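[1] Everything below, folded, please.
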Amino acid sequence: MFPVVQASDLNHGEHGGTRGNRRRPPGFDTHFVQPDNRIVAESTLTRQDLRSPLLRRSFLKPYPVAVRGEGVYVWDADGNRYLDFSGSAAVNFIGHGVREIADAMLEQARRLEFVHTSQFTTPVAEEFAAELLDFAGVRFRGGAVYFSCGGSESIETALKLARQYQVEIGQPTRYQVLSRNQSYHGSTLGALSVSGNKKRREMYLPMVCEFAHIGTPYCYRCDFDCADGCRNCGQQYAAELEHAIEAAKGETAAFIFEPMSGATLGAVTPPPGYLESIAEICGRHRVLLIADEVMTGMGRTGRNFAVEHWKVAPDILVTAKGLSSGYAPLGAVVASKKVVDAIATGSGAFLHGFTYNAHPLSVAAGRAVLRRIQSQNLVHAADSGIAGMVGSVLKTSLEGLRDLDVVGDVRGLGLLWGVEFVRDKKTKQPFPPERDFAGLAGQAALRRGLLVYPMQGCVDGVAGDHLLIAPPAVITGEQIGEAVDQLRAAILEST
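    So this is what the prediction gives:
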């Protein structure tokens, strides 16, 4: 088990103890404000009620009370330390507790906390937009960025932007946004309409507008003949998009996709030639290509954005999560010059808005995070194709889990990986859904001080168990080794 920090450690020796002099990584905040013990004492993992004034995600389990983060670690109110091997749902990329991010937010708050974007722009938003366009590459030169408060808001923005683009260029009949089965694009109703995550959609289906969903290449469980390394099946999956566009009879505005699947399938990478064919089909049919890089963007896969692995240039790119690394609610829609020009030279206004879009504190956090990513060469560190980088170390370490009887597949790129569990390796038979094997493994890992991201439904939306692994890029090789050892133990305990 990882070392447990005593409760007295949580004050960093502020009252004169020797622990306050411990050396810490440069750039990490050493200041810690003690929680209100009158509340925490009654609210820790072992003693808290399942109901509280806060509407939590579940009434069925208690949650640890997080009070501090530093580097790859998070501490709870009881002094237990957890290694954040999932990056807080693939959010944290630069590590917890980086003081320069908090300082950037504080400086902005002292200067100007908020103005409404219908009345003002701000220097910090303009500067960050320019830096993000440059980070996104030459495809987006001359484009523009719309900042939101997160991934779901950004997807909603992208869907409306695609629709308005088609209207602006004289194609008002185009409104449908095609997507893929076993995908996930967010929790708002528009985002759910283009998502394919069965469990997250089914309750709300009467409320959403349904468009066509096509198959998602999933080489471990391919529907086609994969004797050629999945190249042929990739073309067959791509052909499904062409058929769906033709069936829509001129009403398709856009196609949205995840370059690598996120939590729903667990870091599934596309087969060779697939994304290139998707891009060609969309271009030929005048359908906008929207890349959902909420989870995969900002260096997570060892590239600035995951589409760069396949040299695909989308018309609209959506990012969030790692954009602020969790330091503030932030998402972004990066639109190409073609899309921006259509509106700028047409109606002249994007008919969309949120009260808090381009919030000064959030974009200040995002700009500081991007500069931290670049100054620390974290995209390079995440590259799993370069020996010695932590991305490569993670790949090799996780591949070692294949010798376990219940591990059917290990897949991913950079610092985004999935470990799929099976009841039978030869047949790839999944565990019964009611067993919730991924959940059991996740809880066993939690007891060992390891945070992972368990999911179900990768086989058919109901059956199929996997863990998503997405640590911050500041993780060390030694920490990866310790984490995988504890993960192995947690998996064995759950069998």
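[2] Can you dump the C-alpha atoms of stretch 329-342 in PDB for me?
    C-alpha atoms of stretch 329-342 as PDB (Å, rounded to 0.1, in the frame of the first residue of the first chain):
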ATOM      1  CA  PRO A 329     -14.100  25.200 -15.100                       C
ATOM      2  CA  LEU A 330     -13.000  25.700 -18.800                       C
ATOM      3  CA  GLY A 331     -13.700  24.400 -22.200                       C
ATOM      4  CA  ALA A 332     -13.000  25.600 -25.700                       C
ATOM      5  CA  VAL A 333     -14.300  25.300 -29.300                       C
ATOM      6  CA  VAL A 334     -11.500  26.000 -31.800                       C
ATOM      7  CA  ALA A 335     -13.000  26.800 -35.200                       C
ATOM      8  CA  SER A 336     -11.100  26.900 -38.500                       C
ATOM      9  CA  LYS A 337     -10.900  29.900 -40.700                       C
ATOM     10  CA  LYS A 338     -13.500  28.500 -43.100                       C
ATOM     11  CA  VAL A 339     -16.100  28.300 -40.300                       C
ATOM     12  CA  VAL A 340     -15.300  31.700 -38.800                       C
ATOM     13  CA  ASP A 341     -15.200  33.400 -42.200                       C
ATOM     14  CA  ALA A 342     -18.700  32.100 -43.100                       C
END
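[3] Give the rounded mean pLDDT of that stretch.
    pLDDT averaged over stretch 329-342 equals 98, rounded to a whole number.
[4] Could you do stretch 242-253 as well?
    With pLDDT averaged residue by residue, stretch 242-253 scores 98.
[5] ditto for stretch 456-465
    Along stretch 456-465, the predicted local confidence has a mean pLDDT of 95.
[6] Could you list the buried residues of that stretch?
    By neighbour count, and taking 16 or more other C-beta atoms under 10 Å as the criterion, the buried residues in stretch 456-465 are Gln456, Gly457, Cys458, Val459, Gly461, Ala463, Gly464, Asp465. Yep, even glycine has a C-beta here, placed from its N, CA and C like the rest.
[7] distance of the second one from Pro433?
    Computed as C-beta to C-beta, to the nearest Å, the Gly457 to Pro433 distance reads 8 Å.
[8] What of the last one?
    Between Asp465 and Pro433 the distance, using C-beta to C-beta, works out to 8 Å.
[9] what's the overlap in contacts for those two?
    By C-beta atoms under 8 Å, 6 or more residues apart in numbering, Asp465 and Pro433 have these common neighbours: Gln456.
[10] How many residues are close by Gly142?
    Using other C-beta atoms under 10 Å, Gly142 is surrounded by 12 other residues.
[11] If you could redo that for Arg139, that was the one I meant.
    Residues lying near Arg139 (other C-beta under 10 Å) number 20.
[12] what's the answer for Leu450, then?
    The tally of other residues near Leu450 (other C-beta under 10 Å) stands at 24.
[13] who does it bridge with?
    Taking DSSP bridges, one finds Leu83 as the beta-bridge partners of Leu450.
[14] element containing Ala238, please.
    Using DSSP states H and E, Ala238 sits within helix 231-247.
[15] how does this structure divide up, domain by domain?
    For the chain, automatic domain parsing gives the domain ranges 102-375, 379-495.
[16] In JSON lines, list those along with distance to Leu54.
    Supplementary listing: these in JSON lines, determined by distance: least, C-beta to C-beta, whole Å:
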{"stretch": "domain 102-375", "distance to Leu54": "17"}
{"stretch": "domain 379-495", "distance to Leu54": "20"}
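[17] Among these, which comes closest to Gly95?
    Each of these was checked against Gly95 via C-beta to C-beta, and the shortest separation belongs to domain 379-495, namely 3.9 Å.
[18] Any idea how far apart the tips of that closest one sit?
    36 Å (C-alpha to C-alpha, to the nearest Å).
[19] okay but Glu242 is in contact with Ile281, surely?
    Yes: the pair Glu242 / Ile281 is scored as a contact, 5.1 Å apart, by C-beta atoms under 8 Å.
[20] Spit out the residues that contact Gly457 and Pro433 alike.
    Shared contacts of Gly457 and Pro433, defined by C-beta under 8 Å, 6+ apart, comprise Ala463.
[21] got any ranges where the protein has weak pLDDT?
    The chain contains residues with pLDDT under 70 at 1-48, 225-229.
[22] Could you say which helix or strand holds the residue nearest the centre of it?
    Closest to where the C-alpha atoms of the chain average out (C-alpha atoms, centre = their mean) is Met295, at 2.2 Å. Element membership for Met295 (DSSP H and E) is empty, with no helix or strand holding it.
[23] now the helices for the stretch 251-400 of the chain?
    Across the stretch 251-400 of the chain, reading from the start of the chain, the helices by DSSP state H, counting those that start in this stretch fall at 274-284, 337-344, 360-375, 378-382, 390-399.
[24] Report the separation between the nearest residue to Cys458 once chain neighbours are set aside and Pro433.
    Excluding the flanking residues, the one nearest Cys458 by C-beta to C-beta, 6 or more residues apart in numbering is Gly464, at 3.7 Å. Taking C-beta to C-beta as the criterion, Gly464 is separated from Pro433 by 8 Å.
[25] Common neighbours of the two, please.
    When contacts are counted by C-beta under 8 Å, 6+ apart, Gly464 and Pro433 are jointly contacted by Gln456, Gly457.
[26] The domains of the chain: which one's closest to Leu50?
    Proximity of the domains of the chain to Leu50 was assessed by C-beta to C-beta; the nearest stretch is domain 379-495, lying at 15.7 Å.
[27] I'd guessed Ala313 sits against Val307; true?
    Yes: checked against C-beta under 8 Å, the pair Ala313 and Val307 is within contact range at 7.2 Å.
[28] And for Ser118, the neighbour number?
    Here the count is done by other C-beta under 10 Å, and Ser118 has 7 residues near it.
[29] wait, what's in contact with it?
    Residues near Ser118 by C-beta under 8 Å, 6+ apart: Gly353.
[30] Am I right that it falls within a strand?
    No: according to DSSP: H, G, I helix; E, B strand; the rest coil, the state of Ser118 is coil, so it is not within a strand.
[31] show me where the stretch 101-250 of the chain has strands.
    Shown for the stretch 101-250 of the chain, the strands assigned by DSSP state E, counting those that start in this stretch span residues 144-148, 176-180, 213-214.
[32] Turn the ones you listed into CSV, columns for mean neighbour count and distance to Met260.
    Putting the strands of the stretch 101-250 of the chain into CSV (neighbours: other C-beta atoms under 10 Å; distance: least, C-beta to C-beta, whole Å) gives the following:
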stretch, mean neighbour count, distance to Met260
strand 144-148, 24, 22
strand 176-180, 25, 12
strand 213-214, 20, 17
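[33] looking at the ones you listed, which is closest to Glu399?
    Proximity to Glu399, assessed across those by C-beta to C-beta, is greatest for strand 176-180 (26.8 Å).
[34] where's Asp315 relative to Asn92, distance?
    Between Asp315 and Asn92 the computed distance is 29 Å (C-beta to C-beta).
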